[in-house]
Structure formats: structure tokens, C-alpha cells
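Participant: Dropping the sequence and predicted coords here.
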Amino acid sequence: MVAPDSHCSVQAVVLVGGEGTRLRPLTLETPKPMVPIMNVPFLERTLRRLKEAGIDDVILPAGYLPEAITSYFGDGKWLGLRIRYVIEDVPLGTAGALKNVEQYIDGPFLVLNGDVLTALDLRAMLDYHRAKGGIATMHLIRVDDPSPFGVAVHDANGRIERFVEKPKREDAPSNEINAGTYILEREILDLIPPGRAVSIERETFPALIASGRGLYAYTTADYWIDLGRPEAYLDAHRHIFEGAMPLGPAPEVDGPGRESVPAAAVRPPVFIGRDCRIAPDAIVGPYTVLGDGCEIQSGATVADSLLWDGVVVEAGAELNWTIVASRARIGAGAHVGRGAVIGHDARIGPGTIVAANARIAAERPEATDQTV
Ligand code: GDD
Ligand code: MG
């Protein structure tokens with residue numbers, strides 16, 4: 001008999017129930033895990049990464065716009081995975097979501113925050129977890145400002161002695177932060193009270209440390225970014241274009257539509273989706289992604305920007321360091337300021353000056369009472 005691959009039995013839970021408030025208006029219609037990275041939903045990239053690491057049993061605790069996730073991934077067979085969903089009626093928090101999928105967990109399991117892009121080697125982390133023999137292992141990375149994250153202090157043997165979620169900058173006890181990937185033994189679920197929202201960061205990790213059972217740090221210097229803010233989402237694409245973050249086997253930089261648009265208009269590096277129309281005297285790039293079916297009209301400039309599917313940029317409009325969600329239309333001669341985020345279907349009128357860092361959502365008709 002062939003010994004089973006030691007990694008095959010490990011399951012993965014990807015936390016995908018957050019509302020993505022910091023990414024609004026992008027996340028008003030697209031849940032954060034479905035936000036595209038180089039034109040592919042981020043969660044698809046994460047799931048492919050799990051598959052590559054030999055993990056094919058995945059549980060997705062969702063709750064915010066879950067049908068966008070379930071309808072895209074289905075049962076996961078097309079990715080070679082078995083995917084099961086557990087939908088939360090009310091958000092249960094990062095540990096409550098795990099307790100809520102307890103019936104599907106058979107043994108040690110991997111937990112991923114659904115918004116972390118990293119080159120972490122999951123197999124190496126699993127080997128480390130087994131070697132340490134603790135109840136939990138947490139991936140850590142070093143950052144300059146740890147205050148927006150969970151901060152860990154560990155001894156020379158890697159044992160975590162303190163964990164504090166989002167401390168004030170001056171109170172942060174180290175610069176090693178929780179990078180949002182854990183390996184947990186099943187018994188950790190016994191520490192999570194059922195039936196209410198529980199934060200793994202604020203309740204479960206401190207309780208675990210206090211209980212004296214081993215929570216170990218796995219600190220690496222891999223590429224890592226939390227995509228949960230617009231600037232980080234833009235930065236991540238720049239890093240991918242620069243080669244700092246390898247995306248894996250899929251065709252990445254250039255994109256499927258690169259050959260069918262006028263070369264004169266393109267300033268590499270760019271990623272061009274399918275069926276885009278670009279005027280020969282427009283400028284697209286550098287560090288720019290066009291989703292499928294975008295149209296960039298005469299004399300328009302789109303630089304350092306991420307456009308989703310079906311975006312139209314009319315003649316002479318200018319976008320620099322911006323994000324534009326699906327089907328939005330930027331009117332002729334408009335200027336969109338740096339850091340601005342334009343939501344799905346929004347219309348920016350001709351000649352409009354959009355302020356830097358503005359957040360613009362489409363005006364939607366008010367929901368009306370329906371009389372039957
Ligand atoms: N199912 C479910 N239910 N998922 C949730 C819930 C919930 O109630 N709340 C949050 N999540 C998911 C989010 O969708 C996200 O994938 C993940 O849990 C983490 O939530 P975030 O809202 O992105 O947390 P954060 O970025 O402020 O902080 C977390 O990540 C940091 C690293 O990126 C913490 O884990 C920090 O300690 C960590 O440093
Ligand atoms: Mg986050």
C-alpha cells in the first residue's frame with residue numbers, strides 16, 4: 001500500500017464573510033474575496049494555491065453577498081476541489097465562523113483570512129506545525145507599522161507569549177504581525193463558545209496563550225499584503241507587475257487581449273482583458289489592468305489604474321492611480337484624482353474633476369414599498 005501524502009488529509013477553511021467596508025464602494029456589489037487580482041477573483045487564486053499545496057477539501061464560511069461566491073465556485077470540481085459553504089445569517093466573527101463549521105472538520109486544518117495575498121509556502125508551514133507539535137501555528141511577518149494588525153510576541157523557541165489585536169502604534173509590543181494564515185488542531189474548537197460572535201484575535205488566541213497550550217509563531221519574509229484597503233489593492237498590482245509576487249501558472253502580465261489592441265497606445269507593464277477597444281492615440285499604462293470589454297477612447301489616459309469589466313473612458317479623460325469597478329463610465333475630459341475609487345455602474349459626467357481619494361458610488365433608485 002502506498003502511504004498517503006501527509007498533507008492530503010488537511011482541510012482548509014477560508015474566511016470569506018467580512019463586509020469589506022474599507023474597500024467600499026467596490027464591495028457594495030462584489031464581496032471582497034471576489035475582487036479581481038489581474039482580472040481573476042482573488043479567492044480563485046487562493047483556492048488554486050491550496051490545490052497546488054495538495055489541499056482539496058475546502059470549507060467557506062460566508063455571509064456577505066454569499067451568492068456571488070457560491071454561484072462562481074459551485075461544488076469546486078472545476079478546480080479539482082471539494083468546496084462546502086456555510087452561510088452565516090449574522091456575522092459570527094473570525095472564531096465563531098470556525099465553530100460554526102465544526103461538523104465538517106475532521107482533524108488539523110488550515111485557516112486563511114480571505115483577503116491576504118502571499119507567497120507563503122503552505123507545505124513548509126505544515127511541516128513546521130508538525131515539528132513544533134503545538135495546538136496552533138500562526139504565520140507572522142515583520143512590518144514597519146504593526147498597529148493595524150494583530151501583534152505577537154514569542155520566545156526563542158517560537159512559542160507565542162502575547163497577542164494583542166490592533167494596538168496603538170506606541171503600545172505595539174513587537175513588529176511581528178499576524179499574517180492571517182493559521183494551522184489549527186481540531187481541539188481548538190473546544191475553546192470557542194457556540195452560538196455567538198467570537199473573534200479569534202481578541203478572544204481565542206489570548207485564551208489559548210493563557211491555557212498554556214502551544215501557539216507557535218512561523219515567521220517568514222515572504223511577499224505578503226492584506227488587500228483590504230484600496231491603496232493596498234493598488235500596491236499589490238504594482239508589486240505583481242514588478243515581479244515581487246509570483247501569481248503562479250496562469251498567464252499573468254500582458255493579459256489575453258494584449259495583442260489585439262493598438263501597440264502605440266500601450267505603455268507596459270499592462271494587463272489587457274478580452275475584447276477591449278483602445279483608440280490608437282489613447283495611453284494605457286504603465287501598471288494598469290483593463291478588465292474584459294473595456295473601451296478607452298481617443299486621447300484618454302489611464303495610468304497606474306485598475307479597471308474592472310466593461311468600463312468606458314471617454315475621449316480625453318484622465319485616470320491616474322485609481323480603481324474603477326465594472327460598467328462605470330468616465331465622461332469625456334473628466335479628471336479622476338489619485339486614489340479615487342469609482343463604484344459599479346457609476347457615471348462621471350463630462351469634464352468632472354473627481355477629488356483625490358474620493359469614493360463614488362452609482363446613484364441607485366431608492367427601494368420602494370411594493371403593494372401587492
Ligand atoms: N465568515 C466570516 N464571518 N468571516 C469573517 C467575519 C465573520 O463574521 N469577519 C471577518 N471575516 C473574514 C474577512 O472576510 C477576512 O477574510 C478575514 O475574516 C479577516 O477579517 P478582516 O476584516 O480583513 O480583518 P483585518 O484585516 O482587520 O485583521 C485580520 O487580518 C490581519 C492580517 O491581514 C486579523 O486577523 C489581524 O490579526 C491580522 O493581522
Ligand atoms: Mg483584512
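Facilitator: Perfect, I can see it now. Ligands and ions are numbered 1, 2, ... in the order given.

Participant: C-alpha only now, for contacts and for neighbours.
Facilitator: Will do.

Participant: for stretch 197-205, how far is the first residue from the last?
Facilitator: End-to-end distance of stretch 197-205: 15 Å, with C-alpha to C-alpha, to the nearest Å as the criterion.

Participant: Which single residue of the stretch 201-350 of the chain ends up nearest ligand 1?
Facilitator: residue 226 (4.7 Å; C-alpha to the nearest ligand atom).

Participant: Up against ligand 1, what does the protein have?
Facilitator: Residues of the chain found near ligand 1 (C-alpha under 6 Å from any ligand atom) are 15-18, 61-62, 91-94, 97, 113-116, 149-150, 165, 177-180, 201, 226, 228.

Participant: Residues in a beta bridge with the residue of the stretch 201-350 of the chain closest to ligand 1, which ones?
Facilitator: On the basis of DSSP bridges, residue 226 is bridged to residue 116.

Participant: same check, this time on residue 278
Facilitator: residue 296.

Participant: residues in contact with it?
Facilitator: By C-alpha atoms under 8 Å, 6 or more residues apart in numbering, the residues touching residue 278 are 261, 262, 265, 295, 296, 297, 298.

Participant: Against residue 315, how distant is the closest residue to the second one other than its chain neighbours?
Facilitator: By that I understand residue 262. Spatial nearest neighbour of residue 262, chain neighbours left out: residue 280 (5.5 Å); criterion: C-alpha to C-alpha, 6 or more residues apart in numbering. According to C-alpha to C-alpha, residue 280 and residue 315 sit 12 Å apart.

Participant: Of the two, which one has the most company?
Facilitator: More crowded of residue 280 and residue 315, by other C-alpha atoms under 10 Å: residue 315, with 21 against 16.

Participant: where does the more buried one land on pLDDT?
Facilitator: Note on residue 315: pLDDT of 98.

Participant: Now do the same for it: helix, strand or coil?
Facilitator: coil (DSSP: H, G, I helix; E, B strand; the rest coil).

Participant: burial count for the residue of the stretch 201-350 of the chain closest to ligand 1?
Facilitator: Neighbour tally, residue 226, other C-alpha under 10 Å: 17.

Participant: if I read this right, residue 31 contacts residue 67, doesn't it?
Facilitator: No. Applying C-alpha atoms under 8 Å, one finds residue 31 not in contact with residue 67, separated by 9.6 Å.

Participant: Those two: which has the busier surroundings?
Facilitator: Set side by side, residue 31 and residue 67 show more neighbours around residue 31, with 25 against 14, by other C-alpha under 10 Å.

Participant: and that one, what does it touch?
Facilitator: 19, 20, 64, 65, 66, 68, 69.

Participant: give me that answer again for 10 Å
Facilitator: Going by C-alpha atoms under 10 Å, 6 or more residues apart in numbering, residue 31 touches 16-21, 23-24, 62-69.

Participant: Please enumerate the shared neighbours of residue 280 and residue 315.
Facilitator: In contact with both residue 280 and residue 315: 296, 297, 298, 299, using C-alpha under 10 Å, 6+ apart.

Participant: Scan the residues you listed and report the most crowded one.
Facilitator: residue 296 (27 neighbours).

Participant: And the helices in the stretch 1-150 of the chain?
Facilitator: 42-52, 66-73, 93-99, 122-132 (DSSP state H, counting those that start in this stretch).

Participant: and residue 107, how many neighbours does it have?
Facilitator: Neighbours of residue 107 (other C-alpha under 10 Å): 13.
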